[in-house]
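[1] sequence-free structure coming up:
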């Protein structure tokens, strides 16, 4: 029998009274009851993942932070008709893709391209906003080149 330390009385003897998947099946939520004090508490079981390291443009390395992607996408979608749930779903997909790669280090360029691809499909205005910051458009011509590419891509499928 597996034992879990009770947060109330410290005893190790508890029983699982309910289990259910959470986080879209990425974790198991367990309701437990302490056999000593009869108080209930919740534990979560999740697969331990090797941390993903991001290689910055400067060459520095830091742990992957999904909130940076989420905040950047939220900022790009500001005042756009894009539900937060859709943004969170895209961030989850990007994170899952990165975690499933064999490499445990990823360049910010790769992450940025994945975000731009996701935003391009979600909302073109949000995509252009994100791209203008990410690609550091220096002038109006660079910005117009990107807009022209989008318009050209949009016309291409209609002509086939």
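    Perfect, thanks for sending it. Owing to the predicted nature of the structure, the values given are computational and were not obtained by experimental measurement.
[2] use CA for all of it now, contacts and neighbours both
    OK.
[3] List the buried residues for stretch 11-29?
    Buried positions in stretch 11-29, judged by neighbour count with 16 or more other C-alpha atoms under 10 Å: 13, 14, 15, 16, 28, 29.
[4] From residue 7, how far out is the first one?
    It refers to residue 13. When C-alpha to C-alpha, to the nearest Å is applied, the distance between residue 13 and residue 7 equals 12 Å.
[5] that older thread, from the buried residues of stretch 11-29, which land in strands?
    Using DSSP state E to define strands, the subset of the buried residues of stretch 11-29 located there is 14, 15, 16, 28, 29.
[6] bridging residues for the closest residue to the third one other than its chain neighbours?
    Distances taken as C-alpha to C-alpha, 6 or more residues apart in numbering put residue 32 closest to residue 16, at 4.4 Å, once the chain neighbours are dropped. When bridges are assigned using DSSP bridges, the partners listed for residue 32 are residue 16, residue 41.
[7] Give me the pLDDT value at residue 32.
    As summarised for this prediction, residue 32 has a pLDDT of 95.
[8] name the helices or strands packed onto the lowest-mean-pLDDT helix or strand in the chain?
    In the chain, the helix or strand scored least confidently by mean pLDDT, DSSP states H and E is helix 140-159, which has a mean of 72. Using 3 or more C-alpha pairs under 8 Å, 6 or more residues apart in numbering; DSSP states H and E as the contact definition, the elements that helix 140-159 packs against are helix 124-134.
[9] what does the helix it packs on contact?
    Applying C-alpha atoms under 8 Å, 6 or more residues apart in numbering, the contact partners of helix 124-134 are 72-73, 76-78, 80, 112, 116, 119-120, 143, 146-147.
[10] Give me the below-cutoff pLDDT ranges for the chain.
    Counting by pLDDT under 70, the chain shows low-confidence ranges at 1-3, 137-138, 156-160.
[11] tell me the domain boundaries of it?
    14-46, 53-159 (automatic domain parsing).
[12] quick revisit: find the pair from the ones in strands among the buried residues of stretch 11-29 with maximum spatial separation.
    Comparing every pair within those by C-alpha to C-alpha identifies 14 and 28 as the most remote, at 16.9 Å.
[13] Now do the phi/psi pair for the residue nearest the centre of the chain.
    By C-alpha atoms, centre = their mean, the chain has its centre lying nearest to residue 91, at 3.2 Å. In terms of degrees, to the nearest 10, the main-chain angles of residue 91 are phi -60, psi -40.
[14] what's the neighbour count on the nearest residue to it once chain neighbours are set aside?
    With sequence-adjacent residues excluded and distances taken as C-alpha to C-alpha, 6+ apart, residue 91 is closest to residue 70, at 6.2 Å. Taking other C-alpha atoms under 10 Å as the criterion, the count of residues near residue 70 is 19.
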